[in-house]
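[1] here's a sequence, model it:
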Amino acid sequence: MDTIRSRDIPDPKVIVEHLLKKEESHQIFNDLVEVVLRNKKSSKMSLDESVEKALLFGKASASLRNAVNVIVQETRSTSQLSHQAQPIQFLTDAIHRWKTILQQKTIATFNHYDIPVRLRRPISLEIVPQGDRRLCIFQPGSLLELIKSCVNTNVRASGTSLGSISCFNNAPAMSTLRDMFSELSPDNPHYGLNNLFDVKFTARWNVVCEKMLKSGVAETLIQLAKLGIPMGCRAEAWSLILNVDHSKTQIFTDLFDKSRLEPFGMDRILQNDSALLFDSAHYFPFYESYLSLNMVLVRDVEDLVPFRGFSCFAAMVSMMFQNARAAYPLFHAIYTRYFRYLHSVDDKKMSIVQISAIFENLLQREALDLMLHLRRCGVEPIDLVFPWILQGFIGYLKPTELFFLWDRIIAFDDLSLVGILAVVILLYRKERIMQMETQAQIVSVLSNNDHLNIIPLLQDFLFNNDL
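    Numbers count the residues shown, from 1 in each chain. Alright, predicted model coming up:
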């Protein structure tokens, strides 16, 4: 397996400065010094060259390599918007507008349903038979309305744009996408494809993954995750890749106990939202776990406002663990790194605004006739797929396919895959959609994705482009 590519390695000075801030940095820093000294004795390499060689050829300890991997991820994520030539002040303005809207909606919801800020007694963790779809802080449509209203004055209005999101007007070229996601190539074996027709593939793949887990090196697991992780190895692999803070298990215990002693009105909102998943054969067995995860998360993460369907995030992670306490460290890591940007606007990292714009731009470029047909039917394409994007396809793909998708999102560290997959599914359904004439008919065509195998669909789009 490949290790970290040289172009991904930040300035070694940044590595040193970052490591010195870490609580566990003393031993890691000593490892770094040892590596550099060892390399400099054998040659006249610079500090940059010494660090790079140590990482690329696997001579650094697992702790050092994992620490550098975290820096690589953080460096990449903070620069995700740097390719945009336009200033992002309009996103900053949208953030302020959205905060105001959420404050107003929170007050209005609590008043309308007569929910006190603090409850007299904690909510029951037993399954509530049926949830009220109206009882939520905000519906997905409210966020979509905000996104559509975003105006970037640095993007020239163009009569050729058919989308309803005008703040970003470019998506990566197909050649760029192939380079970004090159490991998805059909030339590589994939868990999520090869295992469907080769009964021995899963066993072999499990052996490979278990060996990599024993090494404890994150970047080798990242390369494997680009090809898919077996279910039995997934929780541990994701935890290593995301550098999960396992002290969160104690934080979960403390905050969960606090939720029983000091119940919030928001707990009732979360209880209702959790009940909305009761009809799902996949998720309802984990009801108590994902409700508990959400109750702790709202006490642990600042400015978290749940939407209708918010419980899907915790439900997906709950499927990987025996209880909520064990699940919380990974859930917190995935939420703060990915999930939160699917239901919020951000001016530093890729969020649902950019993902939605990528979807529209790609769809128009790759299937103009489909987009024109949808418009003639009075349908905005983003309206059809926005729930998929908002929930990262949780609840819209069967769990096995959902995990294959999130293996790749985490491995490539790129949420744009959500928008790309939305385009891919519309293209896959294109022939039937073109036969439909009303919004209701089109929605019906897209209502069931349970039989989809997403890896071959993504491969066809990226490498064959002949859907």
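[2] where does the protein dip in pLDDT?
    Within the chain, the stretches with pLDDT under 70 are 1-61, 63-65, 67-87, 129, 155-160, 169, 465-467.
[3] can you rerun that using 50?
    1-4, 6-7, 23, 40, 57, 79, 81-87, 467 (pLDDT under 50).
[4] what's the distance between Lys348 and Ile95?
    Lys348 is 10 Å from Ile95, where distance means C-beta to C-beta, to the nearest Å. Where you see a C-beta, it was placed from the backbone N, CA and C, and this is true even at glycine.
[5] sorry, wrong one. I was asking about Leu242.
    Where Ile95 is concerned, Leu242 sits at a distance of 25 Å (C-beta to C-beta).
[6] who has more neighbours, those two?
    Leu242 (22 against 16; other C-beta atoms under 10 Å).
[7] now do the same contact list for the more buried one.
    Neighbour list for Leu242: Leu330, Ala333, Ile334, Arg337, Ile410 [criterion: C-beta atoms under 8 Å, 6 or more residues apart in numbering].
[8] what is the neighbour count of the last one?
    Residues within reach of Ile410, counting by other C-beta under 10 Å, total 24.
[9] wait, it touches Ile241, no?
    Yes: Ile410 is within contact range of Ile241, at 5.9 Å (criterion: C-beta atoms under 8 Å).
[10] what sits in contact with each of those two?
    Ala225.
[11] Glu288 and Ala324 touch, don't they?
    Yes: the criterion here is C-beta under 8 Å, and Glu288 meets it with Ala324 at 7.4 Å.
[12] filter the contacts of Leu242 down to the ones in helices?
    If you go by DSSP state H, the contacts of Leu242 have Leu330, Ala333, Ile334, Ile410 in helices.
[13] and the closest residue to Lys148 other than its chain neighbours, what does it touch?
    Closest residue to Lys148 apart from its sequence neighbours, by C-beta to C-beta, 6 or more residues apart in numbering: Ser164 at 5.1 Å. Going by C-beta under 8 Å, 6+ apart, Ser164 touches Lys148, Glu360, Glu380, Ile382.
[14] please render those residues as JSON lines that adds distance to Lys99, neighbour count and secondary structure to the earlier fields.
    Below are the contacts of Ser164 laid out as JSON lines (distance: C-beta to C-beta, whole Å; neighbours: other C-beta atoms under 10 Å; DSSP: H, G, I helix; E, B strand; the rest coil):
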{"residue": "Lys148", "distance to Lys99": "18", "neighbour count": "17", "secondary structure": "helix"}
{"residue": "Glu360", "distance to Lys99": "25", "neighbour count": "26", "secondary structure": "helix"}
{"residue": "Glu380", "distance to Lys99": "26", "neighbour count": "19", "secondary structure": "coil"}
{"residue": "Ile382", "distance to Lys99": "23", "neighbour count": "21", "secondary structure": "helix"}
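[15] which members of these are the farthest-apart pair?
    Distances among these were taken as C-beta to C-beta; the most separated pair is Lys148 and Glu360, at 10.5 Å.
[16] please report how far Val298 lies from Ser259.
    For Val298, the distance to Ser259 - C-beta to C-beta - is 9 Å.
[17] now stretch 214-229: buried residues?
    For stretch 214-229, the neighbour count (16 or more other C-beta atoms under 10 Å) marks Val217, Ala218, Glu219, Thr220, Leu221, Ile222, Leu224, Ala225, Lys226, Leu227, Gly228, Ile229 as buried.
[18] from what I see, Val296 and Phe252 are in contact.
    Yes: if you go by C-beta under 8 Å, Val296 and Phe252 touch, sitting 5.2 Å apart.
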